[in-house]
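> The following comprises the amino acid sequence and a computationally predicted model.
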Protein chains: 2
Amino acid sequence: MRDASLAEIRELALFRDIGEATFEALTRSAYHQTFPPQVTLIHQGQSADFFHVVTDGLVELVGNWNGRENTMVVLRPVSTFTLAACMTDAPYLMAARTIEQSRVILIPSSDLRAAFAADTAFALAIAHELANCYRGMVRHAKDMKLRTSRERLAGYILRQSALRGGASRFELPLEKRLLASFLGMTPENLSRALRALRDDGLAIDATHVTIADRAALDRVAHVTPLIDGPEPGAPDR
Amino acid sequence: MRDASLAEIRELALFRDIGEATFEALTRSAYHQTFPPQVTLIHQGQSADFFHVVTDGLVELVGNWNGRENTMVVLRPVSTFTLAACMTDAPYLMAARTIEQSRVILIPSSDLRAAFAADTAFALAIAHELANCYRGMVRHAKDMKLRTSRERLAGYILRQSALRGGASRFELPLEKRLLASFLGMTPENLSRALRALRDDGLAIDATHVTIADRAALDRVAHVTPLIDGPEPGAPDR
DNA sequence: CGAACCCTTGACAGAAATCAACTAAGGTGG
DNA sequence: CCACCTTAGTTGATTTCTGTCAAGGGTTCG
């Protein structure tokens, strides 16, 4: 891996507190690679060869079953995937595909497990990462099971706003069909839901989002950290 | 904690490989308590005081939002909950309630984190447990987003059969309204779905399940380890 | 310029939630 | 022992929501 990459990665929460020897062992056989958009990085069912860290771009985790496909997670930098599979040496449950051009670190899973055993600080960082992945998936499942599609959409918009420091105008970061899949609906349905939310303080022109009435939108979404996650930058409370 | 409990617990995968000192530190301030049915053990949003291990009985994890409620997980012995919250010192995302009389070990979260730092074998066991919880929730989310309610029900029946060594006749382990909630449908809908599956080789009389035509049922469910989990007892592959 | 592709819209069909009525079983208390 | 109440489950009627199908507009890209 190049020196510039190494310095950049060393600052990530996953690697910040670990020993120099561990860091070197982890990065010795690792790759930091750039991928074009729409490239499938891993397939579901494959054995867990690499632990992945998205450092730039946008990656989606996709579930497939019986000819159907669904976007389960959208990963922005800096995020990881395939950690649980690597730790348990089990097959990937989801495929991963770049949405836009992305840079990804690939760490052989055997090195990951060796570093876990050798470095307590790294073990703790891994456990935190696993716990956060779990909690993210619990939140997504709660979103799916407790909210209607309209409510999920309103919640998504407010989360995106929060990610941008509470901005009331921003661009949708995803293609609508991808967003629809992530929110558990069809593109047609998303289209209609977006129009319907105009009565609740949301205006959308193509990809340009304007929150006209935040309170009204939140009366639909009832945003809560127990589903929508903590405020960006804040600890998970 | 009583000696009988200690011996019993020592054999669990979580504690099997850890040092004697760690085990003693963990169990010194732990409780092994019996709870009646329908008791709420924890509420969502509470701070993570205890790590929990279900040793007997049946416990459900429940999500609440805006007056709605949904069963997210059903835990049979031996299973754990609140691990992710304890490791990250974050609030519980789900409430827990006993379904039937249950015995639960409660370990103070500070002790859990101390043991993680002190004992590498325990850290590894915790990481495996976290990874398995994550993968379980991914599977549940895939179940929800990729399958219809009828397909989920068929899958559930076949999983329950597999848990019983492939038995074709067994008793439903849950009240139907609880099962309906877990499967993401209403009780009325579950009733109808059960009748509809009679054409697909499933017969249900009250709580008594008979799989008349396993192949037909699997043509509906398309059981796969990537959603339904590994065969009981087998590693996750 | 044509070919994809994304998005939107409308019409329709199917699935699921809701509302309501009814049965059956279990528990309580007179 | 029986009347009464509560609760789980079923069934039917209805409405609401969502998916599907089809068509058309707009954009991008070879």
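Arrived safely. Note that this is a predicted model, so its numbers are computed, not measured.
> Neighbours of the nearest residue to A:Ala30 once chain neighbours are set aside, how many?
Nearest non-adjacent residue to A:Ala30, counting by Cβ to Cβ, 6 or more residues apart in numbering or on different chains: A:Ile107, 4.6 Å away. (C-beta placed from N, C-alpha, C; glycine too.) Neighbour count of A:Ile107, defined by other Cβ atoms under 10 Å in any protein chain shown: 24.
> May I see the buried residues of the one helix or strand A:Ile107 maps to?
Element membership of A:Ile107 [criterion: DSSP states H and E] is strand A:102-108. Residues A:102-108 are the ones in strand A:102-108 that count as buried (16 or more other Cβ atoms under 10 Å in any protein chain shown).
> if we look at stretch A:202-221, which residues are touching it?
Contacts of stretch A:202-221 with the rest of the structure, by Cβ atoms under 8 Å, 6 or more residues apart in numbering or on different chains, involve A:147, A:150-151, A:154-155, A:157-158, A:160-161, A:168-172, A:194, A:197, A:200-201, A:228.
> Check the residues you listed for burial and list the buried ones.
Burial by neighbour count, judged by 16+ other Cβ under 10 Å, picks out A:147, A:150-151, A:154-155, A:157-158, A:160-161, A:170, A:172, A:194, A:197, A:200-201, A:228 from the contacts of stretch A:202-221.
> quick one: contacts of the helix or strand where A:Arg159 lies?
Per DSSP H and E, A:Arg159 falls inside helix A:149-163. Under the contact criterion Cβ under 8 Å, 6+ apart, helix A:149-163 has outside partners A:143-144, A:147, A:167-168, A:170, A:172-173, A:179, A:183-185, A:189-190, A:193-194, A:196-197, A:200, A:202, A:209, A:211, A:214, A:217-218, A:220-223, A:227-229, A:231-232.
> cool, and stretch A:59-67?
For stretch A:59-67, contacts defined as Cβ under 8 Å, 6+ apart pick out A:41, A:44, A:69-75, A:79, A:81, A:93-99, A:102, A:104, A:178, A:182, B:138, B:141-142, B:145-147, B:222, B:224, B:226-227.
> Now with 6 Å, please.
Outside stretch A:59-67, the residues that touch it by Cβ atoms under 6 Å, 6 or more residues apart in numbering or on different chains are A:44, A:69-75, A:94-99, A:102, B:142, B:146, B:222.
> taking the residues you listed one by one, which sit in helices?
Taking DSSP state H as the definition of helices, the contacts of stretch A:59-67 contribute B:142, B:146.
> and the gap between the nearest residue to A:Pro232 once chain neighbours are set aside and B:Gly233?
Of all residues not flanking A:Pro232 in the chain, A:Leu163 sits nearest, at 5.3 Å (Cβ to Cβ, 6+ apart). According to Cβ to Cβ, to the nearest Å, A:Leu163 stands 43 Å off from B:Gly233.
> who's more crowded, these two?
Between A:Leu163 and B:Gly233, counted using other Cβ under 10 Å, the more crowded position is A:Leu163 (16 against 8).
> Pull the contacting residues for the most centrally placed residue in chain A.
By Cα atoms, centre = their mean, the mean C-alpha position of chain A lies nearest to A:Leu75, the distance being 2.7 Å. Applying Cβ under 6 Å, 6+ apart, we find A:Leu75 in contact with A:54, A:59.
> Quick check: beta-bridge partners of it?
Note on A:Leu75: beta-bridge partners A:Val59, judged by DSSP bridges.
> any idea how far B:Thr40 is from it?
Distance, A:Leu75 to B:Thr40, using Cβ to Cβ: 35 Å.
> repeat for A:Trp65
Going from A:Trp65 to B:Thr40 by Cβ to Cβ gives 34 Å.
> Neighbour count: those two, which is higher?
Taking neighbours as other Cβ under 10 Å, A:Trp65 and B:Thr40 compare with A:Trp65 leading, 18 against 11.
> Mind listing the residues bridging to the more buried one?
For A:Trp65, the beta-bridge partners under DSSP bridges are A:Arg68.
> So which residues of chain A form strands?
Assigned strands in chain A, in chain order: A:31-35, A:40-42, A:50-56, A:59-65, A:68-75, A:79-81, A:95-98, A:102-108, A:169-171, A:202-205, A:208-211 (criterion: DSSP state E).
> could these be laid out in a markdown table, adding mean pLDDT?
Shown next, in a markdown table, are the strands of chain A (pLDDT from 0 to 100):
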| stretch | mean pLDDT |
| --- | --- |
| strand A:31-35 | 95 |
| strand A:40-42 | 97 |
| strand A:50-56 | 97 |
| strand A:59-65 | 98 |
| strand A:68-75 | 97 |
| strand A:79-81 | 98 |
| strand A:95-98 | 98 |
| strand A:102-108 | 96 |
| strand A:169-171 | 96 |
| strand A:202-205 | 94 |
| strand A:208-211 | 96 |
